[in-house]
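**Student:** just coords:
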């Protein structure tokens, strides 16, 4: 039995959450085209007949400018430290940066696999150059070119992971998918829709708090959530004229929540101004980021 924790790390928007979702065959991590969508560690358990890979999707590595980003960076570093194996992921079009190489030099205490994502957007020659650059700057031997969104190279990467994982008993039951409660993923789905449907600064100034999660066998579950914004001016932008934006967010979120829970739900959303919540320790703790 091969068992171990595998942290997926890299700069924002390189495809870490997409990779986790593809490995799992189900959507666990919120994804969008915007960077910094992932704020917390998301654990996904990939069970096989003779292995259990426990993936840790982490917030993107960045230079923090406020308390929330500092918390996100700490979560990423802690996940990397606790993992048996690190998948360090880069965007193949961008290539590995000197900052990435310096991070790996400082943090690759254990086993590391390089992951070159989005190769479907490049010519073969460009991919080969990116792999050579990755190896030259980091001395990492195992580098896997993939296209996470399309699933290309995923099975090869999984085999590479299993070669490096230690032997040992499973940490979770074979039917386990994650260690997070359902309401965590409900809040992530709502937040994802905000990122998808709202522009400019608003998504980064929002947080989602689940106020009520009431299961009703034989009837629709009742879910109430509050969306925090930081400024009064952001509230009408999020709600939209005549409430159309909030209706669109709620409708799209409800469909994905029902798909995730595999049961019907009644979803109610509210908007509340919570000034400077991204910089207030007490508010960050309330969001599980303490």
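**Tutor:** Right, received. Where do you want to start? Please read these numbers as outputs of a predicted model, since none were measured by experiment.
**Student:** any weak-confidence spans in this protein?
**Tutor:** Within the chain, the segments meeting pLDDT under 70 span 108-110, 290.
**Student:** Which SSE is immediately downstream of the longest helix seen in it?
**Tutor:** Ranked by residue count and defined by DSSP state H, the top helix of the chain is helix 244-261. Per DSSP states H and E, the first helix or strand lying C-terminal to helix 244-261 is strand 265-273.
**Student:** For the longest helix of the chain, name the packing helices and strands.
**Tutor:** helix 182-197, helix 234-239, strand 265-273 (3 or more C-beta pairs under 8 Å, 6 or more residues apart in numbering; DSSP states H and E). Quick note: C-beta positions are derived from backbone N, CA and C, even for glycine.
**Student:** quick check: domain ranges of this protein?
**Tutor:** 2-164, 182-286 (automatic domain parsing).
**Student:** Residue 174: which of those domains is closest?
**Tutor:** domain 2-164 (5.1 Å; C-beta to C-beta).
**Student:** now the closest one, how far from the chain's geometric center?
**Tutor:** Here the centre of domain 2-164 is set off from its chain's centre by 11 Å, with C-alpha atoms, centre = their mean, to the nearest Å.
**Student:** Quick check: end-to-end length of it?
**Tutor:** Between the opening and closing residues of domain 2-164 there is a gap of 9 Å (C-alpha to C-alpha, to the nearest Å).
**Student:** show me where the stretch 51-200 of the chain has helices.
**Tutor:** Along the stretch 51-200 of the chain, the stretches classed as helices by DSSP state H, counting those that start in this stretch are 67-82, 98-107, 124-138, 154-164, 182-197.
**Student:** tell me the most buried of the domains of the chain?
**Tutor:** domain 2-164 (a mean of 18; mean count of other C-beta atoms under 10 Å).
**Student:** ok so, going back, okay if I get the helices of the stretch 51-200 of the chain as TSV plus distance to residue 9?
**Tutor:** Formatted as TSV, those follow (distance: least, C-beta to C-beta, whole Å):
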stretch	distance to residue 9
helix 67-82	6
helix 98-107	9
helix 124-138	13
helix 154-164	14
helix 182-197	19
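**Student:** Which of the ones you listed sits closest to residue 247?
**Tutor:** It is, among those and with distance given as C-beta to C-beta, helix 182-197, at 10.4 Å.
**Student:** contact partners of the closest one?
**Tutor:** For helix 182-197, the external contacting residues (C-beta atoms under 8 Å, 6 or more residues apart in numbering) are 28-32, 34, 37, 42, 178, 202-203, 206-210, 213, 223, 225, 227, 238, 245, 248-249, 252-253, 256-257, 260-261, 269, 288.
**Student:** can you give me the angle the helix or strand that that helix is followed by makes with strand 265-273?
**Tutor:** Using DSSP H and E, the helix or strand that follows helix 182-197 in sequence is strand 207-214. Strand 207-214 runs at 140 degrees relative to strand 265-273, counting by axes from the mean of the first three to the mean of the last three C-alpha atoms, to 10 degrees.
**Student:** Just give the strands next to strand 207-214 in its sheet, each with its orientation.
**Tutor:** Here strand 207-214 has these sheet partners by DSSP bridges: strand 221-229 (antiparallel).
**Student:** ok now the partner strand, how far from the chain's centre?
**Tutor:** The chain centre lies 21 Å from the centre of strand 221-229; the measure is C-alpha atoms, centre = their mean.
**Student:** One more: stretch 171-182?
**Tutor:** 17 Å.
**Student:** list the buried ones in it?
**Tutor:** Applying a neighbour-count criterion of 16 or more other C-beta atoms under 10 Å, one finds 177-178, 180, 182 buried in stretch 171-182.
**Student:** distance between the ends of that stretch?
**Tutor:** 20 Å.
**Student:** Over to stretch 116-125?
**Tutor:** Chord length of stretch 116-125, first to last residue, is 14 Å (C-alpha to C-alpha).
**Student:** Show me the contact partners of it.
**Tutor:** 14-15, 19, 89-93, 127, 130-131, 134, 143-150, 152-153.
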